[in-house]
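J.: Output the structure for:
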Amino acid sequence: MFCRICHEFLRKIIDKYIIMKIFGINHPKWVVIQLLEHCNLRCRMCYEWGETGFYHKKKELAILEYKVIKKVITDCLPGKPYFGLFGGEPFLYPNIEDVMRLIKNGGCGLDIPTNGVLLKQYAEMIVDVQPDRLWISLDGPVEINDEQRGKGVFNKVIQGIDALYEIRESKNYKLPKIGITYIVTPFNYTFIEEFFLKSIDIRKIDHLSIEFQLFATEEQYRHYLKILANEFGVFSAPCAKAIVREPSDFAAMDFKVLADQIRKVRSVCDEYGIYFIAYPKTIELDNIVNFFSANWSKMIDKRQKCVFPWMYAEISANGDVSVCHTYYDLVIGNINVENILDIWEGDRLKKVRKFLKKQPYPICTACSRYYADPNKH
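T.: Sure, this is the predicted structure:
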């Protein structure tokens, strides 16, 4: 009995030591900052500003003060985290260059997802600062993309990519890496191959991500609401509600056509040495069918646990801190009133970790981080 107790005690100590070493628990290893909620587009599928987006109901849009962001970054720098900046549209933020330089001068990596409309305007500055990577959103050939994202958007984004590429090459810089994110929806799924292999010059792209439109069912959402209320005293979840859809919304898709196109694009990426990501990772017909049919328990990419609460902090534009990229409904603190490192080691996050150590939330399958490799950004 004593030996078994000692073994269990040692196992817990070792587990804690491993977590400390790998994830650097005293500092988050991945920090994502939403600079502002404002956006210059109204993309149809966006959970913020899209057709079901919850930002439409906001009376006032939030934006983080630069001095607050500066303190967060400075406090986190000793842990050398990887940073991400997003919005809304991050290049609408008045102090975007200052934030980028602060991170890069601190010796940290930086990714910026963007809708790409302002890239041409900021191309010189971006190449000069050298963030590690831009994730630029495009969703198909010109007519398809602009139907989802707005008239004229495709050409503006391509002009921005061309400007970035030409300036970077003229300076013989390796950064920023240029990445394209393609969100697969029932409207654009048949155009993946045409877009990547005919509509753009794929040789100018360093990284490529094809991501399925994420969704949670009404049943998952209601189960999640009960957990929030019973475990954490949270009684509304507008972020989660905005992503609710049903499998019937995707039933008309030809999943074999989808899989064949993604595999074709992946083979071209292999040929050109382009870094390829897919969410979910496994592009097999049964896996895709299970995803869009909401049979997530049968997916090859399913997870039993989420490691992100031990390594990841996301700060929303109103200062709220969470450990989830998609759902800000469960807040663990606010940087306008608390230090980020105090929040990171606080009782609220400990309670979240304790719950998630046993099982994920019922709607974790609708979060892009669920399908992400935590060791890759």
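
J.: Please count neighbours and contacts with C-alpha atoms only from this point.
T.: Fine.

J.: Any idea how many residues pack against the nearest residue to Ser316 once chain neighbours are set aside?
T.: Leaving aside its sequence neighbours, Ser316 sits nearest to Gln34 (C-alpha to C-alpha, 6 or more residues apart in numbering; 4.9 Å). By other C-alpha atoms under 10 Å, 23 other residues sit near Gln34.

J.: Look up how far Tyr93 lies from Gln34.
T.: According to C-alpha to C-alpha, to the nearest Å, Gln34 stands 10 Å off from Tyr93.

J.: Quick one: low-confidence residue ranges for the protein.
T.: 1-25, 43-54, 56-57, 372-377 (pLDDT under 70).

J.: longest single strand anywhere in it?
T.: strand 177-184 (DSSP state E).

J.: for the residue nearest to Ser316, phi and psi?
T.: phi -90, psi 110 (degrees, to the nearest 10).

J.: All the strands of the stretch 101-250 of the chain, in order from the start?
T.: Secondary structure of the stretch 101-250 of the chain (DSSP state E, counting those that start in this stretch): strands at 110-114, 133-137, 177-184, 207-212.

J.: what's the angle from the second one to strand 110-114?
T.: It refers to strand 133-137. Comparing the axes of strand 133-137 and strand 110-114 via axes from the mean of the first three to the mean of the last three C-alpha atoms, to 10 degrees yields an angle of 10 degrees.

J.: Strand 133-137 pairs with which strands, parallel or anti?
T.: If you go by DSSP bridges, strand 133-137 pairs up with strand 110-114 (parallel), strand 177-184 (parallel).

J.: I'd like these written out as TSV, with distance to Glu284 added.
T.: As requested, those are exported to TSV (distance: least, C-alpha to C-alpha, whole Å):
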stretch	distance to Glu284
strand 110-114	27
strand 177-184	15
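
J.: Relative to Ala278, which of the ones you listed is closest?
T.: Closest to Ala278 of the strands paired with strand 133-137 is strand 177-184 (C-alpha to C-alpha; 9.6 Å).

J.: which outside residues touch that closest one?
T.: 132-140, 161, 165, 204-213 (C-alpha atoms under 8 Å, 6 or more residues apart in numbering).

J.: same thing but 6 Å
T.: Strand 177-184 is contacted by residues 133-139, 205-213 when judged by C-alpha atoms under 6 Å, 6 or more residues apart in numbering.

J.: Of those residues, just say which sits nearest to Phe191.
T.: Distance to Phe191, by C-alpha to C-alpha, is smallest for Asp139 among the contacts of strand 177-184, at 8.6 Å.

J.: quick one: Leu64 from Val99, how far?
T.: Applying C-alpha to C-alpha, the value for Leu64 to Val99 is 11 Å.

J.: that older thread, any chance of the strands paired with strand 133-137 in JSON lines, plus distance to Tyr328 and mean neighbour count?
T.: JSON lines is the format used below for the strands paired with strand 133-137 (distance: least, C-alpha to C-alpha, whole Å; neighbours: other C-alpha atoms under 10 Å):
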{"stretch": "strand 110-114", "distance to Tyr328": "18", "mean neighbour count": "22"}
{"stretch": "strand 177-184", "distance to Tyr328": "21", "mean neighbour count": "22"}
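
J.: between these, which one is nearest to Leu356?
T.: Nearest to Leu356, of these and by C-alpha to C-alpha, is strand 110-114 at 26.7 Å.

J.: what's the burial count for Lys198?
T.: So Lys198, with other C-alpha under 10 Å, has 11 neighbours.

J.: show me where the stretch 151-300 of the chain has helices.
T.: 153-170, 192-194, 218-232, 238-241, 255-272, 285-292 (DSSP state H, counting those that start in this stretch).

J.: Out of those helices, the one nearest Ser322 is which?
T.: helix 238-241 (12.2 Å).

J.: how about that closest one: buried residues?
T.: Cys239, Ala240, Lys241 (16 or more other C-alpha atoms under 10 Å).

J.: Okay, the nearest residue to Pro141 once chain neighbours are set aside and Gly150: tell me how far apart.
T.: Spatial nearest neighbour of Pro141, chain neighbours left out: Phe195 (5.0 Å); criterion: C-alpha to C-alpha, 6+ apart. Per C-alpha to C-alpha, Phe195 is found 17 Å from Gly150.

J.: The two: which has the busier surroundings?
T.: In terms of neighbours (other C-alpha under 10 Å), Phe195 is the more surrounded of Phe195 and Gly150; the figures are 22 against 15.

J.: Let me know whether that one touches Leu138 as I believe.
T.: No: Phe195 is beyond contact range of Leu138, at 9.1 Å (criterion: C-alpha atoms under 6 Å).

J.: Leaving out the residues flanking it, which one is nearest to Phe156?
T.: I think there's a mix-up here, since residue 156 is Lys and not Phe. Nearest non-adjacent residue to Lys156 (C-alpha to C-alpha, 6+ apart): Val117, at 5.6 Å.

J.: ok, the one you found - how many residues close by?
T.: Count around Val117 with other C-alpha under 10 Å applied: 24.

J.: got it, and the one 4 residues further on?
T.: By the measure other C-alpha under 10 Å, the count of residues near Gln121 is 14.

J.: what's the closest non-adjacent residue to it?
T.: Excluding the flanking residues, the one nearest Gln121 by C-alpha to C-alpha, 6+ apart is Gly160, at 7.7 Å.

J.: Who are the contact partners of Phe154?
T.: Val142.

J.: mind running it again at 10 Å?
T.: 115-117, 137-147, 160 (C-alpha atoms under 10 Å, 6 or more residues apart in numbering).

J.: ok, now Tyr165?
T.: Counting by C-alpha under 10 Å, 6+ apart, Tyr165 makes contact with Ala123, Val127, Gln159, Tyr173, Leu175, Pro176, Lys177, Ile178, Lys204, Ile205.
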